[in-house]
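Q: sequence and predicted structure are below.
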Amino acid sequence: MHLKRILSAIFFIPFFFLLVKFGSPLLFFFVLSVAVLVGLYEIFLLLEIKGIRPLKSLGLLGGWALSFLIFSGYWGRDGLLVSLAFLLIAFLVSLLVREDDFRLRIQGAGATLLGILYLVLLLSFLPLLRKMPEGATYIYYLFLVTWAGDAGAFYMGINFGRHKLCPDLSPGKSIEGSIAGLLSSLGASFLAKWWFFAGLESLHALILGILLGIMGQLGDLSESLLKRGLEVKDSGSLIPGHGGFLDRVDSLLFTGPFLYFYVTFCLR
């Protein structure tokens, strides 16, 4: 598994670096939007395994449309409310023409909406970060701190984890791994300041390193909750050594929005 993780990283990191450095914010959005559709499809497949019938076609179309409206800048407060209202209306109307049990209709629609809000809405903050004047720097910083925390928690937990963090929710996670992940995020924050983010003040590097480390672990645990509820180990097998797309971005779903709001209200 470790070899597969390393090989996946060797393939992905150069692609990611070139996309952020030379690609436009619009290209970044379209690449990410394709990944979002893959993630939504993973969610829908997992739901079907558990006997839940999601509104797949409408969910994929509505999810992509919502992400585009957010990125395009249309959404302000009123735009977001209108978009979500029409999405909800479309879901409810589609339930009227389905022929299965009423309980299954409501269950499928609710699960589809949760998938869209969980994946599409939270991941949409990454393209918004990329659109900012220093967007490339923010994206590099976000991924470095988030993935450092993931890697620190994983490898320390595998080798030295003795005390379970949440045994009922995620038996593989340990307190030792959690502490190592937090320290890794903090170290990566200061590494980024020295390496490519010189404008980041030491106090902000300290605060962000700690808080992003915490948010990343909460994002990981939240996905563990979903997988536990659906009784699966991984969300898929798309990425060798990592599982599915959701398994790779679960921490970013929480760290992305947090960094966006921190940059908006504290760094600008």
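A: Right, received. Where do you want to start? Numbering: from 1, shown residues only.
Q: Leu208 against Leu144, yeah?
A: No: between Leu208 and Leu144 there is no contact under CB atoms under 8 Å: 11.3 Å. Using the backbone N, CA and C atoms, a C-beta is placed for each residue, glycine as well.
Q: neighbour-wise, which of those two wins?
A: The residue with more neighbours, out of Leu208 and Leu144, is Leu208; 27 against 18, by other CB atoms under 10 Å.
Q: which SSE is the more buried one in?
A: Secondary structure assignment for Leu208, by DSSP states H and E: helix 202-230.
Q: tell me where the stretch 1-150 of the chain is predicted with low confidence.
A: For the stretch 1-150 of the chain, the stretches with pLDDT under 70 are 1-11, 74-80, 98-100.
Q: and with 80 instead?
A: 1-12, 73-88, 90-92, 94-105 (pLDDT under 80).
Q: so which residues of it form helices?
A: Secondary structure of the stretch 1-150 of the chain (DSSP state H, counting those that start in this stretch): helices located at 2-22, 25-49, 56-72, 77-96, 102-115, 122-123, 125-131, 135-160.
Q: now the ones you listed as TSV including distance to Leu169?
A: Formatted as TSV, the entries for those read as follows, by distance: least, CB to CB, whole Å:
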stretch	distance to Leu169
helix 2-22	23
helix 25-49	17
helix 56-72	26
helix 77-96	29
helix 102-115	18
helix 122-123	19
helix 125-131	25
helix 135-160	14
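Q: indicate which one of those helices is closest to Leu230.
A: If you check each of the helices of the stretch 1-150 of the chain against Leu230 by CB to CB, helix 25-49 wins as the nearest, at 5.0 Å.
Q: where's that closest one relative to the chain centroid, distance-wise?
A: For helix 25-49, the distance from its own C-alpha centre to the chain's C-alpha centre is 11 Å (CA atoms, centre = their mean, to the nearest Å).
Q: what's the answer for stretch 260-268, then?
A: Its chain's C-alpha centre and that of stretch 260-268 lie 19 Å apart, by CA atoms, centre = their mean.
Q: can I get that stretch as PDB, trimmed to CA atoms?
A: In PDB, the C-alpha atoms belonging to stretch 260-268 read as follows (Å, rounded to 0.1, in the frame of the first residue of the first chain):
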ATOM      1  CA  TYR A 260     -11.000  31.000   2.500                       C
ATOM      2  CA  PHE A 261     -12.700  32.800   5.400                       C
ATOM      3  CA  TYR A 262      -9.400  33.300   7.200                       C
ATOM      4  CA  VAL A 263      -7.900  34.900   4.200                       C
ATOM      5  CA  THR A 264     -11.000  37.000   3.500                       C
ATOM      6  CA  PHE A 265     -11.300  38.400   7.000                       C
ATOM      7  CA  CYS A 266      -7.800  38.200   8.500                       C
ATOM      8  CA  LEU A 267      -5.100  38.400   5.800                       C
ATOM      9  CA  ARG A 268      -6.600  40.900   3.300                       C
END
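Q: and that stretch, average pLDDT?
A: Mean pLDDT, stretch 260-268: 89.
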